[in-house]
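*Asks:* coords please:
(chains A and B)
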Protein chains: 2
Amino acid sequence: MVPWGRGGGPELEALWRERPLIARLDEVLGAPLDEGGDAALLPLPGRAVVSVDQQVEGVDFDLGFMDWQDVGWRALAAALSDLAAAGADAYAYFLVLGLPAHMSEEAALRLAEGMRAAADQHGVRLGGGDLGLAPHVSVTLTVVGSVPTDERPLSRAGARPGDLLFVTGVPGLAAAGLKALQAGRSEPQAAARFLRPTARLEVGRALRRLPAHAAIDVSDGLAAEAHALARLSRVGVRLDLRALPPLPIFAGEAEALALTGGDDYELLFAVPPDLAADLGRLSLPVSPVGEVLPAAQGVRVIGRDGRERALGEEGYQHGRDA
Amino acid sequence: MVPWGRGGGPELEALWRERPLIARLDEVLGAPLDEGGDAALLPLPGRAVVSVDQQVEGVDFDLGFMDWQDVGWRALAAALSDLAAAGADAYAYFLVLGLPAHMSEEAALRLAEGMRAAADQHGVRLGGGDLGLAPHVSVTLTVVGSVPTDERPLSRAGARPGDLLFVTGVPGLAAAGLKALQAGRSEPQAAARFLRPTARLEVGRALRRLPAHAAIDVSDGLAAEAHALARLSRVGVRLDLRALPPLPIFAGEAEALALTGGDDYELLFAVPPDLAADLGRLSLPVSPVGEVLPAAQGVRVIGRDGRERALGEEGYQHGRDA
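*Replies:* Just a heads-up that it's a prediction; the model follows:
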């Protein structure tokens, strides 16, 4: 019952005593990995790969058009997306919940239900947690995965000029789903991609074994991630949006949504040309999206209209040159 | 430069662009373990042991009598104390900072300075981090350690009737330090124990090898931890406060401060009688503090006056029987 730490002062202490929230969270989330410990022992099958992620109410999520189950699901999927980008095998997650004193137990349990559903979907289990009082709801997740001892995780720093770029899924679809939700339009497929994303763990593992030269998860839009890849790999990037799958809604804004929309949790990755055929044989849900250039060429984009231009980090156009 | 994730919306984005906070944090905290990755590879020398901990402004810390450096130090030491209780070798920490838009860069850097000092003191390094906008300052830490593959971490669940109990350091001293700080009294030794605690990593490792039957870190006072140990190990506990080191200040309240004062980050642990002599030869800074009883006897305490009574989880007296 208690790998959960406790913090939070008299108000939350009172909350716990009146309503055994931790016990009910345990029922929803499942028994933690190491029930007896102040810390959890993780019998990982390889070398540890760790990432952390936080989501704060009013900043990273808004309950106007999503419910607590969505919040729980999205937080875990977003965190696991970093393990996917590293090509790691996901193993366990640690949940730190900051809860306001006025938050209902029901809301906390619904958040846990959404997280448990995402955990089952992605094949990870609860390692441990910490519960504390906070002015706003915050969900901080540590995800722990592993790679076999004779393999390396994927990096964002390994792309080389000449590599081909690919991206999973439909970039911009989550942003289109958010836009539909905000407008009150019923677009279940797009909304689901925003509310219930799936981390691309299987693709990441396949890329680790290929191996791809570099991978990064697309949480802030293709423009920002292309810049991050370019900066970390010390290369240039030319995105080419012409082969991306079309957006089922807001098609007229497809380019802007793909470049600047967030929350896709797809993978953008670089593969040397001689491995592109191997990639094709894997039948992964990926589309070609450009190539890696020498650093001096910066970050560029070829739009759906076939015109090439320099691409700013925010996706805005910095000058124009065909 | 960037194992740091980013979140937090336009306000914090603006903060980053105007002032490269992450780069300055990196200067203070040191280069992270895996600069290229969305997730950090940890080449642990054994099996992974993980714990998480959060501290929220106004709930877990108060800047009325501590500065940002203290906040950073305490947060990391508190998190590492869980690894100490597990007897793990500390390896790395992951920092998730929630910062309000109005927080000065100077304050954030001072927090980082205190954390770096604690990291150096405890021999751990930054694995990665995530920075986000939050309504109040929150510091969430994941600490990762390891135990050799042929050893087990210490548990809170292994105490057996007949075991002897010991505790490190001077229980109640941190609470006395806090009391002095709140009263504006200058008591540097006690205040330092509250503001700059040291996690008992070396003691924990020695106990893992002994091995002790169980260990728990004392963050909420001896009464609460004795109850946790009893509950998790399914035993009873008789604390005996007569052999504890005296408090240098507030000596008249020593018993209450030891039982209910928080923030000591000492270790309470159970050792079978035949290993007590081995424990003595290790010359650790420990005091005997009672024994483990059968579960039916509950949690009891012998006070400094020699009288025995039942002990509630909050340290209050539940009835009295000599």
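
*Asks:* can you give me the strands for the stretch 151-300 of chain A?
*Replies:* Here the stretch 151-300 of chain A has its strands, by DSSP state E, counting those that start in this stretch, at A:164-168, A:214-218, A:236-240, A:266-271, A:286-293, A:299-302.

*Asks:* turn these into TSV, including mean neighbour count, distance to chain B and mean pLDDT.
*Replies:* Heads up, the C-betas are built off the backbone N, CA and C, glycines and all. As requested, the strands of the stretch 151-300 of chain A are exported to TSV (neighbours: other C-beta atoms under 10 Å in any protein chain shown; distance: least, C-beta to the nearest C-beta, whole Å; pLDDT from 0 to 100):
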stretch	mean neighbour count	distance to chain B	mean pLDDT
strand A:164-168	23	14	98
strand A:214-218	29	6	96
strand A:236-240	23	16	98
strand A:266-271	29	10	98
strand A:286-293	21	15	98
strand A:299-302	21	16	98
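
*Asks:* A:Pro32: what secondary structure?
*Replies:* Classification of A:Pro32 by DSSP: H, G, I helix; E, B strand; the rest coil places it in coil.

*Asks:* give me the phi and psi for it.
*Replies:* Backbone torsions for A:Pro32, taken as degrees, to the nearest 10, come to phi -70, psi 170.

*Asks:* close enough to count as contact, it and A:Ala39?
*Replies:* No - A:Pro32 is beyond contact range of A:Ala39, at 11.1 Å (criterion: C-beta atoms under 8 Å).

*Asks:* tally of neighbours for A:Thr149?
*Replies:* Residues lying near A:Thr149 (other C-beta atoms under 10 Å in any protein chain shown) number 9.

*Asks:* which residues touch it?
*Replies:* Counting by C-beta atoms under 8 Å, 6 or more residues apart in numbering or on different chains, A:Thr149 touches A:46-47.

*Asks:* list phi and psi for it.
*Replies:* Per degrees, to the nearest 10, the backbone of A:Thr149 is at phi -60, psi -20.

*Asks:* same check on A:Leu141?
*Replies:* According to degrees, to the nearest 10, A:Leu141 has phi -120, psi 140.

*Asks:* so how far is chain B from it?
*Replies:* Going from A:Leu141 to chain B by C-beta to the nearest C-beta, to the nearest Å gives 9 Å.

*Asks:* repeat that for A:Val56.
*Replies:* Using C-beta to the nearest C-beta, A:Val56 is found at 5 Å from chain B.

*Asks:* so the helix or strand containing that residue versus strand A:214-218, what angle?
*Replies:* Secondary structure from DSSP states H and E places A:Val56 in strand A:47-56. Here the directions of strand A:47-56 and strand A:214-218 differ by 20 degrees (axes from the mean of the first three to the mean of the last three C-alpha atoms, to 10 degrees).

*Asks:* gap between the helix or strand that strand A:47-56 is followed by and the chain center?
*Replies:* Where DSSP H and E defines the elements, the next helix or strand beyond strand A:47-56 is helix A:68-85. Centroid displacement of helix A:68-85 relative to its chain, using C-alpha atoms, centre = their mean, to the nearest Å, is 6 Å.

*Asks:* of A:Pro32 and A:Ala39, which one has the most company?
*Replies:* Neighbour count, other C-beta under 10 Å: between A:Pro32 and A:Ala39, A:Ala39 has more, with 34 against 22.

*Asks:* quick one: contacts for the more buried one?
*Replies:* Shown in contact with A:Ala39 (C-beta under 8 Å, 6+ apart): A:128, B:49-51, B:82-83, B:85-86, B:88, B:143, B:145, B:153.

*Asks:* if we can go back for a sec, joint contacts of A:Pro32 and A:Ala39?
*Replies:* With C-beta under 8 Å, 6+ apart as the test, A:Pro32 and A:Ala39 both reach A:Gly128.

*Asks:* for A:Gly129, list each beta-bridge partner.
*Replies:* Per DSSP bridges, the residues bridged to A:Gly129 are A:Trp4, A:Leu95.

*Asks:* wait, A:Asp278 sits on A:Pro211?
*Replies:* No - using C-beta under 8 Å, A:Asp278 makes no contact with A:Pro211, being 10.3 Å away.

*Asks:* what about these two, which has more around it?
*Replies:* Each of A:Asp278 and A:Pro211 has its neighbours counted (other C-beta under 10 Å); A:Pro211 has more, 18 against 12.

*Asks:* give the burial count for A:Arg304, as a bare number.
*Replies:* 14.

*Asks:* same question, A:Asp82
*Replies:* Residues near A:Asp82, counting by other C-beta under 10 Å, number 31.

*Asks:* which residues does A:Leu247 contact?
*Replies:* Residues counted as contacts of A:Leu247 (C-beta under 8 Å, 6+ apart) are A:170, A:172-173, A:176, A:190, A:253-254, A:257-258.

*Asks:* redo those residues as a markdown table? Include neighbour count.
*Replies:* Formatted as a markdown table, the contacts of A:Leu247 follow (neighbours: other C-beta atoms under 10 Å in any protein chain shown):
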| residue | neighbour count |
| --- | --- |
| A:Val170 | 23 |
| A:Gly172 | 33 |
| A:Leu173 | 29 |
| A:Ala176 | 26 |
| A:Ala190 | 25 |
| A:Glu253 | 16 |
| A:Ala254 | 23 |
| A:Leu257 | 28 |
| A:Ala258 | 30 |
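
*Asks:* so which of these comes closest to B:Asp163?
*Replies:* Comparing the contacts of A:Leu247 against B:Asp163 with C-beta to C-beta places A:Leu173 closest, at 58.6 Å.

*Asks:* which residue, neighbours along the chain excluded, lies closest to that closest one?
*Replies:* Computed as C-beta to C-beta, 6 or more residues apart in numbering or on different chains, the closest residue to A:Leu173 that is not its neighbour in sequence is A:Arg193, at 4.7 Å.

*Asks:* quick one: that neighbour and A:Pro171 touch, right?
*Replies:* No - with contact defined as C-beta under 8 Å, A:Arg193 does not reach A:Pro171; the gap is 10.5 Å.

*Asks:* and for these two, which residues touch both?
*Replies:* Jointly contacting A:Arg193 and A:Pro171 under the rule C-beta under 8 Å, 6+ apart are A:Asp264.

*Asks:* out of these two, which sits in the more crowded spot?
*Replies:* For A:Arg193 and A:Pro171, the more surrounded residue by other C-beta under 10 Å is A:Pro171, and the numbers stand at 27 against 24.

*Asks:* contact partners for the residue lying closest to the more buried one once chain neighbours are set aside?
*Replies:* With C-beta to C-beta, 6+ apart as the criterion, A:Pro171 has its nearest non-adjacent residue at 4.1 Å, and that residue is A:Ala258. A:Ala258 makes contacts with A:171-172, A:221-222, A:241, A:244, A:247, as judged by C-beta under 8 Å, 6+ apart.
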